[in-house]
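# Starting from these lines, generate the structure:
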Amino acid sequence: MRRLCPNIDREDALETVLEVPIPEEMFAGMGSDVALRMQNMLTWMKAQTSDKWSSPIIAARVNELRFLLYLVGSPLIPLQVQLDHSVNRPIRDSSIEASTAKYIVQQYIAATGGQAAVNAVHSMCVTGQVKICATEFHQGDQSMEARSTQEIGGFVLWQKNPDLWNLELIVSGCKVSCGSNGKLSWRHSSNQQAPVSKGPPRPLRRFLQGLDPRSTANLFLDGMCIGEKIINDEDCFILKLETSPALREAQSGPNFDIIHHTIWGYFSQRSGLLIQFEDSRLLRMKTADGEDADVFWETSTESVMEEYRYVDGVNIAHRGKTSLTVFRYGEQSSNHKREIEETWKIEDVDFNVWGLSVQDFMPPADLKQDRLVW
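The predicted structure follows:
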């Protein structure tokens, strides 16, 4: 990962540390030699603060990137994770399905390093890289290949607990910042003129892709074991979680309703590790023309985790792939489908970051009160 860039203010000054490291592959694509790459990178950095984003062509490009980054790069999970839960919660008063789920979670904690190692993690900083490719919107019954070009970028992720986190993700020149301070969550693009969006505090989905065993365990403690499935030649138990009607209503907004949101975790019977994480959500966007004209968005997301390695005694996934399918349908919208795929790789993980405080997770100063994250 490249962590330095030319100085924007003075070309003869020392290089500047990038807030978000970018993959070397992204840097290599900026020119044929190092000097040209550095010059192009300087031009690119200056463009982040210019008004060129108002150009219709460039604005359309940015809107496309923002769509991809919001959907697959920085989605949230509707369930809040309570860290005061114990994975050793009694199982004798539970149903067979719930008792089995709690046993599977206990095996997962053991596979990721044990209760002591997992509980010793109070904060983390993660840097990584992503590659995203997508199809265009097309009729749902048609088959369409993804575009040959890939969007490449990097991210930095800070966390103190599931509701106290911050993510900065930059892909092909478009930067998305999102976070949660324990009271609300927000999301914003640096190239976006609209107000910052906000909503109730929720964990970032990326944490549950093999990065945060404690949050994953506490999330699935309330799950039900619904069966078994083979994933990549691994026999897995399936744990399922449904969001309650009250929770869906609380997280809906004035312009949209969450109809359902379901989560599945696939835990290896051999290793005990989380192999695959899925969730599916149906959203109804309200229109001024009444319910008959409402548009529905259905997203199904599947993440496969690979390359588990120990970091300070905690076993986390360092590589994986997330596949997302979006359906859009309704009275004013024909049945359209789009497929997006992100491959990701974790470069560095640091636990128990010294000096990290609540002040480091403050929302943007221009946060508005009337826009909700969905």
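# Can you show me the helices along the stretch 1-150 of the chain?
For the stretch 1-150 of the chain, applying DSSP state H, counting those that start in this stretch gives helices covering 24-28, 34-47, 56-68, 96-111, 115-119.
# Those helices: lowest mean pLDDT?
Comparing mean pLDDT across the helices of the stretch 1-150 of the chain, the weakest is helix 34-47, with a mean of 64.
# Stretch 296-311: how far from the chain's middle?
What separates the centre of stretch 296-311 from the centre of its chain is 9 Å, taken as C-alpha atoms, centre = their mean, to the nearest Å.
# Flag every buried residue along it.
Judged by neighbour count using 16 or more other C-beta atoms under 10 Å, the buried positions of stretch 296-311 are 296-305, 308, 311. To be clear about C-beta, it is placed using only N, CA and C from the backbone, and glycine gets the same treatment.
# Which member of the residues you listed is positioned nearest Lys337?
Nearest to Lys337 among the buried residues of stretch 296-311 is Glu298, at 9.6 Å by C-beta to C-beta.
# mind checking how far that closest one is from Glu249?
Counting by C-beta to C-beta, to the nearest Å, the gap from Glu298 to Glu249 is 19 Å.
# same thing with Ile226?
Taken as C-beta to C-beta, the span from Ile226 to Glu249 is 25 Å.
# The two: which is more packed in?
Ile226 (14 against 10; other C-beta atoms under 10 Å).
# Hey, what's the angle from the host helix or strand of the more buried one to helix 96-111? Just curious.
Counting by DSSP states H and E, the element that carries Ile226 is strand 224-231. Going by axes from the mean of the first three to the mean of the last three C-alpha atoms, to 10 degrees, strand 224-231 is angled at 60 degrees with respect to helix 96-111.
# Strand partners (parallel or antiparallel) of strand 224-231?
Using DSSP bridges, strand 224-231 pairs in its sheet with strand 234-242 (antiparallel).
# residues of the helix or strand just after the strand it pairs with that come out buried?
Per DSSP H and E, the first helix or strand lying C-terminal to strand 234-242 is helix 245-251. Within helix 245-251, the residues scored as buried using 16+ other C-beta under 10 Å are 247-248, 251.
# ok, now stretch 323-338?
Residues of stretch 323-338 classed as buried: 323-328, 330, 337-338 (neighbour count, 16+ other C-beta under 10 Å).
# Buried ones in stretch 311-325, by neighbour count?
For stretch 311-325, using 16+ other C-beta under 10 Å, the buried residues are 311, 314-320, 322-325.
# and it, how far out from the chain's middle?
The answer for stretch 311-325 is 12 Å, by C-alpha atoms, centre = their mean.
# Same question for stretch 295-303.
Between the centre of stretch 295-303 and the centre of its chain there are 14 Å (C-alpha atoms, centre = their mean).
# Need the contact partners of it.
71-72, 75, 205, 209, 259, 276-285, 287, 320-333 (C-beta atoms under 8 Å, 6 or more residues apart in numbering).
# mind listing which of those residues are in strands?
The members of the contacts of stretch 295-303 that map onto strands under DSSP state E are 259, 276-285, 320-330, 333.
# could you give the mean pLDDT of stretch 173-180?
On average, stretch 173-180 scores 85.
# How about stretch 203-222?
Mean predicted confidence for stretch 203-222 is 93.
# Start the count at 21 instead of 1 going forward.
Sure thing, new numbering starts at 21, so read that last one as stretch 223-242.
# Can you show me the CA trace of that stretch as CSV?
Provided in CSV are the C-alpha atoms of stretch 223-242 (Å, rounded to 0.1, in the frame of the first residue of the first chain):
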residue,chain,number,x,y,z
PRO,A,223,-22.4,-1.7,13.3
LEU,A,224,-20.6,-1.6,10.0
ARG,A,225,-21.1,-4.8,8.1
ARG,A,226,-17.3,-5.0,7.3
PHE,A,227,-16.6,-5.8,11.0
LEU,A,228,-18.7,-9.0,10.7
GLN,A,229,-16.7,-10.2,7.7
GLY,A,230,-14.2,-12.0,9.9
LEU,A,231,-12.6,-8.9,11.5
ASP,A,232,-14.4,-8.6,14.9
PRO,A,233,-15.0,-12.0,16.5
ARG,A,234,-16.5,-10.5,19.7
SER,A,235,-19.2,-8.5,17.8
THR,A,236,-19.9,-11.5,15.6
ALA,A,237,-20.4,-13.8,18.5
ASN,A,238,-22.7,-11.4,20.4
LEU,A,239,-24.7,-10.8,17.2
PHE,A,240,-25.4,-14.5,16.6
LEU,A,241,-26.1,-15.4,20.3
ASP,A,242,-29.7,-14.6,19.6
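# Show me how far that stretch is from its chain's centre.
12 Å.
# buried set for that stretch?
Across stretch 223-242, burial judged by 16+ other C-beta under 10 Å covers 223-242.
# cool, stretch 32-43 as well?
Quick answer for stretch 32-43 (16+ other C-beta under 10 Å): 38, 40-43.
# Start and end of it, how far apart?
24 Å (C-alpha to C-alpha, to the nearest Å).
# what are the phi and psi angles of Thr236?
Phi and psi for Thr236, reported as degrees, to the nearest 10, are phi -60, psi -40.
# whoops, I mixed them up, Leu241
According to degrees, to the nearest 10, Leu241 has phi -60, psi -30.
# Could you report the separation of it from Ser114?
According to C-beta to C-beta, Leu241 and Ser114 sit 10 Å apart.
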